[in-house]
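> Need the 3D shape of this:
(chains A, B, C and D)
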2 protein chains.
Amino acid sequence: MTAPAKEDTDRIVEAVIYLYTESRRVTKEVARSLGMTGPQVTAIKLLEGFGDLSLSALSERMSAKNSTITGLVDRLERDGMVTRARSTEDRRVTLIRLTPAGRKLAGQIPVTSMEMFARALCSLDARERDQLRGLLRKLTDHIRKDVEQLDVDNATPTRESHGI
Amino acid sequence: MTAPAKEDTDRIVEAVIYLYTESRRVTKEVARSLGMTGPQVTAIKLLEGFGDLSLSALSERMSAKNSTITGLVDRLERDGMVTRARSTEDRRVTLIRLTPAGRKLAGQIPVTSMEMFARALCSLDARERDQLRGLLRKLTDHIRKDVEQLDVDNATPTRESHGI
DNA sequence: CCCGAATATTTAGCACGCTGAATTTCCGAG
DNA sequence: CTCGGAAATTCAGCGTGCTAAATATTCGGG
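Presented below is the predicted three-dimensional model:
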């Protein structure tokens, strides 16, 4: 079982948190210099890349709920970056479309956070990248299984959670 | 330079995001079953572990701004989990203290998200953990340097950011 | 055709999280 | 001692994110 040395865990958790929060911070900083917020930049970059998207499609790609993206789009519309258009094929869906102003702004935005990651990965050689991918996969697989187990437990709350 | 294969990058980024968001989701779920939110649980676990904390100390440990924690503590106080007490040594600081109810609740909370991580790390052997720690360290060091560079660039905005 | 289930979006209400400005208290220089 | 700067907290305002409920539209079966 090789005891997991709390220090090891802490170091690795720290690294994961660092990588995640730093990439968000960088996006935010770039956005700020353009008078926008991080999620707003993410949205217009997605629209630039994929073309018009329904609200549901956009929220799925942003890993957020529809109700959250409704508000985001409200503000982008207010600021003249996007427009809403009812789809003619299915009138339940609204298509979000970049305005010329929005498209222009999107073009000025470097892909920074992902790019920074890619550059960092360049500092590893191919063998190291393979190792890293394999290790992370092992971790995520294990956690995924753990989570399923935990969710099942919660689904049948025969006993309340307790210490340890 | 070994080209960084977009697919590799995507896979690794995905894993990092997964590990981060999943650990937050689990905390949130546990909290929900106790009628609390994720950050609230984090706060009372910190107070349980460290004893009374000034608002600044608490916000530092939670990696959030003081103004954010003011609101969090407001809600915990409203719900009878903590009290505010002016420090007698330095009357600028308010000490946040668990109430008996808060302490009782803290005792019922398993450390889940960190624990889950630790268990997952158990599925790796010692050599693999060393590898992982080393690789993540290499990545974070590289990104840290990148970020410094980027911040310097932004500090002297002689030219606006442009594509690529 | 019509009715109910399914799908897409919006609304309302709450909790975070941030920035920037105000307030209170402390501390050191003169 | 006093005055000005520093430090700790709070307040105001905004954007993000969630859940639950309401609304609008589509689609399939009878």
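> Residues of chain A that sit close to DNA strand D?
Counting by C-beta under 7 Å from any atom of the strand, chain A comes close to DNA strand D at A:37-40, A:62-65, A:67-68, A:71-72, A:75, A:90-92. For every residue, glycine as well, the C-beta is placed using N, CA and C.
> which one of the residues you listed is nearest A:Val26?
A:Gly38 (9.2 Å; C-beta to C-beta).
> mind checking how far the closest one is from A:Ile69?
14 Å (C-beta to C-beta, to the nearest Å).
> Most widely separated two among the residues of chain A next to DNA strand D?
A:Gly38 and A:Arg91 (32.2 Å).
> So between these two, which is more surrounded?
A:Gly38 (17 against 8; other C-beta atoms under 10 Å in any protein chain shown).
> May I ask which helix or strand of chain A has the lowest mean pLDDT?
Lowest by mean pLDDT, DSSP states H and E among the helices and strands of chain A is helix A:112-122, with a mean of 67.
> For A:Ala85, grab phi and psi.
Main-chain torsions, A:Ala85, degrees, to the nearest 10: phi -140, psi 130.
> hang on, the earlier thing: from the residues of chain A next to DNA strand D, which has minimum pLDDT?
Within those, the minimum per-residue pLDDT falls on A:Ser63 (88).
> which SS class is the nearest residue to that one once chain neighbours are set aside?
Leaving aside its sequence neighbours, A:Ser63 sits nearest to B:Thr21 (C-beta to C-beta, 6 or more residues apart in numbering or on different chains; 7.8 Å). State at B:Thr21, reduced to three classes by DSSP: H, G, I helix; E, B strand; the rest coil: helix.
> Against DNA strand C, how distant is B:Thr21?
12 Å (C-beta to the nearest atom of the strand, to the nearest Å).
> just A:Lys65 next, same as before
8 Å.
> about what we covered before: which of the residues of chain A next to DNA strand D count as buried?
Neighbour-count burial (16 or more other C-beta atoms under 10 Å in any protein chain shown) applied to the residues of chain A next to DNA strand D gives A:Thr37, A:Gly38, A:Pro39, A:Gln40, A:Met62, A:Leu72.
> Out of these, which sit inside helices?
Residues of these located in helices (DSSP state H): A:Gly38, A:Pro39, A:Gln40, A:Leu72.
> Quickly find the element holding the residue nearest to the third one when sequence neighbours are not counted.
Residue nearest to A:Gln40 in three dimensions, not counting chain neighbours: A:Leu76, with 6.0 Å by C-beta to C-beta, 6+ apart. Taking DSSP states H and E as the definition, one finds A:Leu76 inside helix A:66-78.
> neighbouring contacts of that helix?
Applying C-beta atoms under 8 Å, 6 or more residues apart in numbering or on different chains, the set of residues contacting helix A:66-78 from outside is A:39-40, A:43-44, A:55-56, A:58-59, A:62, A:64, A:82-84, A:96, A:102.
> Apply the buried test to the residues you listed and list what passes.
A:Pro39, A:Gln40, A:Ala43, A:Ile44, A:Leu55, A:Leu58, A:Ser59, A:Met62, A:Val82, A:Thr83, A:Ile96, A:Gly102.
> Out of the residues you listed, which one has the weakest pLDDT?
Of all the buried ones among the contacts of helix A:66-78, A:Met62 has the smallest pLDDT value, namely 92.
> A:Leu46 is in contact with that one, correct?
Yes: under the criterion of C-beta atoms under 8 Å, A:Met62 is in contact with A:Leu46, at a separation of 7.0 Å.
> from the chain's centre, how far out does stretch A:78-96 sit?
23 Å (C-alpha atoms, centre = their mean, to the nearest Å).
> export that stretch as PDB, just CAs?
Taking C-alpha atoms only, stretch A:78-96 is exported to PDB below (Å, rounded to 0.1, in the frame of the first residue of the first chain):
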ATOM      1  CA  ARG A  78     -25.800  45.000 -23.700                       C
ATOM      2  CA  ASP A  79     -22.200  45.800 -24.600                       C
ATOM      3  CA  GLY A  80     -22.800  45.200 -28.300                       C
ATOM      4  CA  MET A  81     -20.600  42.100 -28.700                       C
ATOM      5  CA  VAL A  82     -23.300  39.600 -29.700                       C
ATOM      6  CA  THR A  83     -26.900  39.400 -30.800                       C
ATOM      7  CA  ARG A  84     -29.700  36.900 -30.200                       C
ATOM      8  CA  ALA A  85     -31.600  35.500 -33.100                       C
ATOM      9  CA  ARG A  86     -34.500  33.100 -32.900                       C
ATOM     10  CA  SER A  87     -33.700  30.000 -35.000                       C
ATOM     11  CA  THR A  88     -36.100  29.500 -37.900                       C
ATOM     12  CA  GLU A  89     -35.800  25.700 -37.800                       C
ATOM     13  CA  ASP A  90     -36.700  25.300 -34.200                       C
ATOM     14  CA  ARG A  91     -38.200  28.400 -32.600                       C
ATOM     15  CA  ARG A  92     -37.400  27.200 -29.200                       C
ATOM     16  CA  VAL A  93     -33.700  27.900 -29.700                       C
ATOM     17  CA  THR A  94     -32.000  31.300 -29.800                       C
ATOM     18  CA  LEU A  95     -28.800  31.600 -31.700                       C
ATOM     19  CA  ILE A  96     -26.000  33.700 -30.300                       C
END
